[in-house]
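Trainee: okay, sequence plus prediction incoming.
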Amino acid sequence: MHTGRWWWAAQDAIEARTKGATIMPVIISSDKMQLTLFRNKAAYPVYLTIGNLPKDIRSRPSQGGQILLAYLPVLKLEHIKNKAARRCTQANLFYLCMRRLLELLEDLGLGGLPMSSGDGVMRRVHPIYAAYVGDYPEQVLVTCTKTGECPVCPTPKAELGELDCHFPLPLPRRELNPVLDVLAMGSDPNVTPTEYKAACRNAGIKPVYETFWQNLPYSDVYTSVTLDILHQLLQGVVKHLVAWAKEAYSEDEIDARCQRFPPNHNMRLFYKGITKLSQLTGREHADICCILLGLVIDLRLPNGMSHLRLVRAVQAILDFVYLAQYPVHSHQSLDALDDALRRFHENKQVFIDLDIRGNFNLPKVHSMRHYHEGIEMLGTTPNLNTEYTERLHIDLAKDAYRSTNKKDYHVLMTREPSVKAVSLDRLEQVYGAKYIMRAIAKYIVRLNYPDASSAEVVRLATTLRLPFHKLPVYHKAKFWESDFLLYRQASDEYDAIYATPGGRLNKRGQQVAGRFDTAIVNLGTGSAIGVKGYQVCRVRAIFTIPIRYRRILLPFVDPPEYLAYVEWFSNFTQPDPQHGMYKVTPMTNADGTQTGAVIAVESIRRSVHLYPCFRAVAPLPSPTDIFMEQ
């Protein structure tokens, strides 16, 4: 990183104030992520490293060059009904947390602190906020800019897709001082909120208060926004390019060509094609880059249109992607990077002529214009790639979340299902999941069309044909006890829910009764305390839809792996004034059958014990009752 211009500019600025300084560039990374074991649980980790470490150390999690600095709160703030006010509150909460984390840099960046280096020499080290590694939403949040704009330069949104736009190369960065002057107005009691919002709007920033970077010395937030191979190029530009190629050509032909590539040790082959793939990772997009040009190099466009411009555009983007990842750059390689960008813009009109795109005003496409200057400023792209922090999520975030969680829980399932294939008819008749086929269809429709009305869900579900007749079934689900430490259970004990049919024989040859436990389900708004947002159900079947069918039924959705068919009880009303308990009764349909639905297993909060309403005298059991399914 010390080969970039930023380091030496910071060194000159500090030396002009106090001689003998050693720069310590502070690199912050953050990425709001989904914890896959929890599905609807998210974490917002913040990582810290320093630019003094060689990039080959920072890029290896085993070297310990990155530390997990903090978790930021992940709050939806749904009680704030106004969306603009909610977004503003979330942004201010982010800045408050980051300001608390980095406030020590305000004084230490100016005065420095003595530190001993590896050679034993004491130096006055100045930790300076230098870079913020994150994807586009993080960059927009950090720079207070608006979604759809460039967080680095003032290029108008309508010109993001142009090479020769309002500003020539190299693009000017946003001016920091006018923004700092406006932000200072936020703490002025003589400035009204309306005046402050107008001033922020004129400065091109969101109306936020006290950003974390406005008081940090020798720092420029618009310089700190880094280049990102993973999200900007592989998951951004390349992802768009693959989609455009699929629209331009025959998908069957593209997949047929994928199947006919000869094998190579360093090449991943997509024997089933690439057009049906979804939820691709950056690694998979990188693998597609290796074969994409070979797929389209002699494909013919419809209506006899020449395919040369499209091939040249594909080649230009691939050249740019590979050049941008060079670990070492020279003036010649940077000139080649600019040439690749120029060739793409010269040939991109072919996608407009094919009616695939109307314009190219995409922030990630525009970001390619910043690579030349960004590399000269902060060093080559492997220095600051989000791919490294993505890998850190496994060791420093997900594992930590699982081991220290005191509020939430996770589901523990057996490696193999209890029964590998249970017919839908048996689930209905033996397990008591009377309307499981209808319930699965409704669940799939709701995932595919989250905004559809209830009537529309019913209509679409009746036309959906399930491609399977049997399902893997689990007879037990275990949950990590996550209640407050007010109970006798230790924090490492598990709660369990059974959904087991009768008819089995125990070791003594006696028939075992079926067991279908009741549970309390979080409807999406339940909190850690109270019953609001919860509902009781009886779990009739715990199952999973095989992944090959999930890809067919839910091609654009990442569904929960484990599902449950449940029968609902009535909603909670008011607790009994005498004993404080709630009374619930089975919910029934018009025909008298109990209302059922399919839910995600992770939405189950815990098992719940329901006391029967015995009335004055409990009925005596008949001899056959002990064999009946509960």
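Mentor: That came in fine, so what should we check first? Residues are numbered from 1 along each chain as shown.

Trainee: so what are the domain limits for the protein?
Mentor: Following automatic domain parsing, the chain resolves into domains at 5-227+389-401, 230-382, 405-627.

Trainee: can you redo those as CSV with mean pLDDT and mean neighbour count?
Mentor: In short, each C-beta sits where N, CA and C put it, glycine included. CSV is the format used below for the domains of the chain (pLDDT from 0 to 100; neighbours: other C-beta atoms under 10 Å):
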stretch, mean pLDDT, mean neighbour count
domain 5-227+389-401, 86, 17
domain 230-382, 89, 17
domain 405-627, 84, 15
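
Trainee: quick check: phi and psi at the residue lying closest to Leu113 once chain neighbours are set aside.
Mentor: Distances taken as C-beta to C-beta, 6 or more residues apart in numbering put Val125 closest to Leu113, at 6.1 Å, once the chain neighbours are dropped. Val125 adopts backbone torsions of phi -100, psi 130, taken as degrees, to the nearest 10.

Trainee: where's Val125 relative to Asp31, distance?
Mentor: Val125 sits 28 Å away from Asp31, going by C-beta to C-beta, to the nearest Å.

Trainee: again with Gly580
Mentor: Taken as C-beta to C-beta, the span from Gly580 to Asp31 is 44 Å.

Trainee: what does Lys81 give?
Mentor: 28 Å.

Trainee: what about stretch 410-429, start to end distance?
Mentor: Distance between the boundary residues of stretch 410-429 (C-alpha to C-alpha, to the nearest Å) amounts to 31 Å.

Trainee: which SS class is Arg309?
Mentor: Classification of Arg309 using DSSP: H, G, I helix; E, B strand; the rest coil returns helix.

Trainee: the residue nearest to it when sequence neighbours are not counted: what's it in contact with?
Mentor: Leaving out its chain neighbours, the residue that sits closest to Arg309 by C-beta to C-beta, 6+ apart is Val350, at 3.9 Å. Taking C-beta atoms under 8 Å, 6 or more residues apart in numbering, we find Val350 in contact with Met305, Arg309, Leu310, Ala313.

Trainee: tell me the two of these that are most distant?
Mentor: Within those, Met305 and Ala313 form the most distant pair, 13.4 Å apart (C-beta to C-beta).

Trainee: backbone dihedrals for Met122, both of them.
Mentor: Dihedral angles (degrees, to the nearest 10) for Met122: phi -80, psi 130.

Trainee: that one pairs with what?
Mentor: On the basis of DSSP bridges, Met122 is bridged to Ser116.

Trainee: now the one 5 residues further on
Mentor: Beta-bridge partners of Pro127, counted by DSSP bridges, are Met24.

Trainee: just to revisit the earlier point, I'd guess the residue nearest to Arg309 is in a helix, am I close?
Mentor: Yes. Checked against three-state DSSP, Val350 lies within a helix.

Trainee: and Ala441, how far from Asn448?
Mentor: In terms of C-beta to C-beta, Ala441 sits 11 Å off from Asn448.

Trainee: make that Phe569, sorry
Mentor: 28 Å.

Trainee: just the element for Tyr582, please.
Mentor: Tyr582 is part of no helix or strand when elements are defined by DSSP states H and E.

Trainee: got the contact list for it?
Mentor: Taking C-beta under 8 Å, 6+ apart, we find Tyr582 in contact with Val531, Phe572, Thr573, Gln574, Pro575, Asp576.

Trainee: try Leu427
Mentor: Counted by C-beta under 8 Å, 6+ apart, Leu427 has contacts Ala433, Ile436, Leu471, Val473, Arg540, Ala541, Phe543, Tyr565.

Trainee: again, but for Leu293
Mentor: With C-beta under 8 Å, 6+ apart, Leu293 has these contacts: Val311, Val314, Gln315, Leu318.

Trainee: now do the phi/psi pair for it.
Mentor: Backbone torsions of Leu293, given as degrees, to the nearest 10, read phi -60, psi -40.

Trainee: tell me if I'm right that the residue nearest to Leu113 and Ser116 touch.
Mentor: No. Counting by C-beta atoms under 8 Å, Val125 stays clear of Ser116, with 9.7 Å between them.

Trainee: I figured Pro467 hits Tyr549, correct?
Mentor: Yes. Pro467 is within contact range of Tyr549, at 5.5 Å (criterion: C-beta under 8 Å).

Trainee: any idea which element Ser278 lies in?
Mentor: Going by DSSP H and E, Ser278 is not part of any helix or strand.

Trainee: which residue, other than its chain neighbours, is closest to it?
Mentor: Closest to Ser278 by C-beta to C-beta, 6+ apart is Pro555, at 5.6 Å.

Trainee: pretty sure Asp31 contacts Gly134?
Mentor: Yes. Counting by C-beta under 8 Å, Gly134 is a contact partner of Asp31 at 6.1 Å.

Trainee: would you map the strands across the stretch 101-250 of the chain?
Mentor: Along the stretch 101-250 of the chain, the stretches classed as strands by DSSP state E, counting those that start in this stretch are 113-116, 122-133.

Trainee: which one of those lies closest to Tyr71?
Mentor: Each of the strands of the stretch 101-250 of the chain has some distance to Tyr71 by C-beta to C-beta; the shortest is strand 122-133, at 17.0 Å.

Trainee: helices or strands up against the closest one?
Mentor: In terms of contacts (3 or more C-beta pairs under 8 Å, 6 or more residues apart in numbering; DSSP states H and E), strand 122-133 is packed against helix 5-17, strand 21-30, helix 104-111, strand 113-116, helix 136-143, helix 221-224.

Trainee: can you add distance to Phe344 and give the ones you listed back as CSV?
Mentor: Putting the helices and strands packed on strand 122-133 into CSV (distance: least, C-beta to C-beta, whole Å) gives the following:
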stretch, distance to Phe344
helix 5-17, 26
strand 21-30, 29
helix 104-111, 39
strand 113-116, 46
helix 136-143, 19
helix 221-224, 25
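
Trainee: can you say which of the ones you listed is nearest to Thr380?
Mentor: Nearest to Thr380 among the helices and strands packed on strand 122-133 is helix 5-17 (13.0 Å), distances taken as C-beta to C-beta.
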